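Trainee: okay, sequence plus prediction incoming.
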Amino acid sequence: MKYKFLVLMFTATVSLFSQNKVKKNRFDFSLSYGPQVNFFVRYGFSRQKDSNGNFIPHSTVFGYDFFQKKAVGNHLGFALKYQVSKKGYWGIGFERAENFGVYNIAYRLNNSTLISVESMKLRHLNNYFEIYYMRNIKVENKFFWQFGLYLLDPHQQEITVSPLNSNYIIINERTGFGDANLAEMGLKTGFDYYFYKSDKFDVGITNNYYFTVTTGEFESIN
């Protein structure tokens, strides 16, 4: 097995990928790390921040919701591919993407109880379980296109504060396979391009686009 390194779009990130020249070994293994952009974590509302860059909770008729995170986060992924033809591969993979939002604010309930949220970093975690087809579309095995399906398991850390008559605070993490049933299905497409090749490993760039079919929206760019 020969390994290759991938660099994710936007910055120098590292992945391992294998391009086999020996017919006896058709398996490839890849690792990737780098930035990603999540389109969901603003929850459909414009983001507001204070002078220190902390998020300001979204105001509702019931109180305040702490759920928005920064759109740009990081991701880590790996995949195993099997070569089925001279140019084609089937692959299975896993991607984990993280986005964070920091909150620093205090509220007083109607019963005079003080609720203080100090430098709280809330996390949004996306787990992608993928199956896809990848094909070489350029000579010298440098440029690959891929298309496939994914199952999304999100983990959403959120806080709700109601300083009105109800006087309550809820701190929870809703998950895809838990009680919240937030799991979604989607389509992914992307490319890998290798600009350095050797007998032991290759170095390149990779970029993937995720569209969640069950919500009809683009989820992220990893």
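Mentor: All right, it came through fine. Numbers count the residues shown, from 1 in each chain.

Trainee: low-confidence regions, this protein specifically.
Mentor: For the chain, the stretches with pLDDT under 70 are 1-25, 139, 164-165.

Trainee: for the longest strand along it, C-alpha coordinates in PDB please.
Mentor: If you go by DSSP state E, the chain has its longest strand at strand 114-136. Below are the C-alpha coordinates for strand 114-136, written out as PDB (Å, rounded to 0.1, in the frame of the first residue of the first chain):
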ATOM      1  CA  LEU A 114     -28.900  35.400  38.700                       C
ATOM      2  CA  ILE A 115     -28.000  33.300  35.700                       C
ATOM      3  CA  SER A 116     -24.400  33.900  34.700                       C
ATOM      4  CA  VAL A 117     -22.800  32.400  31.500                       C
ATOM      5  CA  GLU A 118     -19.100  33.000  31.700                       C
ATOM      6  CA  SER A 119     -16.800  32.300  28.700                       C
ATOM      7  CA  MET A 120     -19.000  29.300  27.800                       C
ATOM      8  CA  LYS A 121     -17.800  27.600  24.600                       C
ATOM      9  CA  LEU A 122     -20.700  25.800  23.000                       C
ATOM     10  CA  ARG A 123     -19.900  23.100  20.400                       C
ATOM     11  CA  HIS A 124     -21.700  21.900  17.300                       C
ATOM     12  CA  LEU A 125     -20.300  18.500  16.200                       C
ATOM     13  CA  ASN A 126     -21.200  16.800  12.900                       C
ATOM     14  CA  ASN A 127     -20.300  13.200  12.300                       C
ATOM     15  CA  TYR A 128     -20.600  12.100   8.600                       C
ATOM     16  CA  PHE A 129     -20.700   8.400   7.700                       C
ATOM     17  CA  GLU A 130     -20.000   8.200   3.900                       C
ATOM     18  CA  ILE A 131     -20.100   5.800   1.000                       C
ATOM     19  CA  TYR A 132     -19.000   7.100  -2.400                       C
ATOM     20  CA  TYR A 133     -17.600   6.400  -5.900                       C
ATOM     21  CA  MET A 134     -14.300   8.100  -6.900                       C
ATOM     22  CA  ARG A 135     -12.900   8.300 -10.400                       C
ATOM     23  CA  ASN A 136      -9.600   9.600 -11.900                       C
END
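
Trainee: kindly check the end-to-end length of stretch 160-169 for me.
Mentor: End-to-end distance for stretch 160-169, by CA to CA, to the nearest Å: 6 Å.

Trainee: before we move on, back to that, the helix or strand that the longest strand of the chain is followed by: which residues count as buried?
Mentor: Where DSSP states H and E defines the elements, the next helix or strand beyond strand 114-136 is strand 143-162. By neighbour count with 16 or more other CB atoms under 10 Å, strand 143-162 contains the buried residues 144, 146, 148, 150, 152-162. To be clear about C-beta, it is placed using only N, CA and C from the backbone, and glycine gets the same treatment.
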